[in-house]
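Visitor: I need the structure of the sequence given here:
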Amino acid sequence: MDEITLILQVVAIAPENDLLLIQSLQKYASADKEVSKKASDAIGRHLWYLSPMLAPLSFFNARLSVETKREMVEALRVNYPNFLPFLQ
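Guide: Now for the predicted structure:
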């Protein structure tokens, strides 16, 4: 595997990994609300890259189902109608 392929794989799965971490932190609130809140706040400061411009990188995530990717396209189409004009 070459370096570019490895980098693309890491970039493509980052949003999913962050979402899973946030969900885990929310569940952890039942055990320790204060730690959950502080950890959620900390990860929230590092989610700057989760923007409509970079979200399409997730389409390269092999772990996401085709159905999930279709839902992502629909969400982009509905919420950002001028972002991907070829989806109209």
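Visitor: could you use CA atoms for every contact and neighbour count after this?
Guide: Fine.
Visitor: need the helices for the chain, in chain order.
Guide: For the chain, applying DSSP state H gives helices covering 3-28, 33-44, 66-79.
Visitor: mean neighbour count, distance to Ser51 and mean pLDDT added to those helices, as CSV?
Guide: CSV is the format used below for those (neighbours: other Cα atoms under 10 Å; distance: least, Cα to Cα, whole Å; pLDDT from 0 to 100):
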stretch, mean neighbour count, distance to Ser51, mean pLDDT
helix 3-28, 14, 10, 87
helix 33-44, 14, 13, 94
helix 66-79, 14, 11, 90
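Visitor: quick one: closest of those helices to Phe60.
Guide: Phe60 sits nearest to helix 3-28 of all the helices of the chain, at 5.5 Å, using Cα to Cα.
Visitor: tilt between the closest one and helix 33-44?
Guide: Between the axes of helix 3-28 and helix 33-44, defined by axes from the mean of the first three to the mean of the last three Cα atoms, to 10 degrees, the angle is 150 degrees.
Visitor: so which elements touch helix 3-28?
Guide: On a contact count with 3 or more Cα pairs under 8 Å, 6 or more residues apart in numbering; DSSP states H and E, helix 3-28 meets helix 33-44.
Visitor: so what's the most centrally placed residue in the chain up against?
Guide: Centroid-nearest residue in the chain: Pro15, 2.6 Å away (criterion: Cα atoms, centre = their mean). Counting by Cα atoms under 8 Å, 6 or more residues apart in numbering, Pro15 touches Leu50, Ala55, Ser58.
Visitor: just the buried subset of those, written out for PyMOL, thanks.
Guide: Here is the PyMOL command that selects the buried residues among the contacts of Pro15 (16 or more other Cα atoms under 10 Å):
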select buried, resi 58
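Visitor: mind putting the contacts of Pro15 into a markdown table with pLDDT and distance to Glu34?
Guide: Listed next are those as a markdown table, based on pLDDT from 0 to 100; distance: Cα to Cα, whole Å:
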| residue | pLDDT | distance to Glu34 |
| --- | --- | --- |
| Leu50 | 76 | 25 |
| Ala55 | 75 | 30 |
| Ser58 | 87 | 31 |
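Visitor: pull the CA coordinates from stretch 36-47 and hand them back as PDB.
Guide: Coordinates of the C-alpha atoms in stretch 36-47 are reproduced here as PDB (Å, rounded to 0.1, in the frame of the first residue of the first chain):
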ATOM      1  CA  SER A  36     -18.300  13.200  29.500                       C
ATOM      2  CA  LYS A  37     -19.000  16.900  29.200                       C
ATOM      3  CA  LYS A  38     -15.400  17.900  29.400                       C
ATOM      4  CA  ALA A  39     -14.300  15.300  26.900                       C
ATOM      5  CA  SER A  40     -17.100  16.200  24.600                       C
ATOM      6  CA  ASP A  41     -16.200  19.900  24.800                       C
ATOM      7  CA  ALA A  42     -12.500  19.000  24.100                       C
ATOM      8  CA  ILE A  43     -13.300  16.900  21.000                       C
ATOM      9  CA  GLY A  44     -15.700  19.600  19.800                       C
ATOM     10  CA  ARG A  45     -12.800  22.000  19.500                       C
ATOM     11  CA  HIS A  46     -11.200  19.600  17.000                       C
ATOM     12  CA  LEU A  47     -14.100  19.100  14.700                       C
END
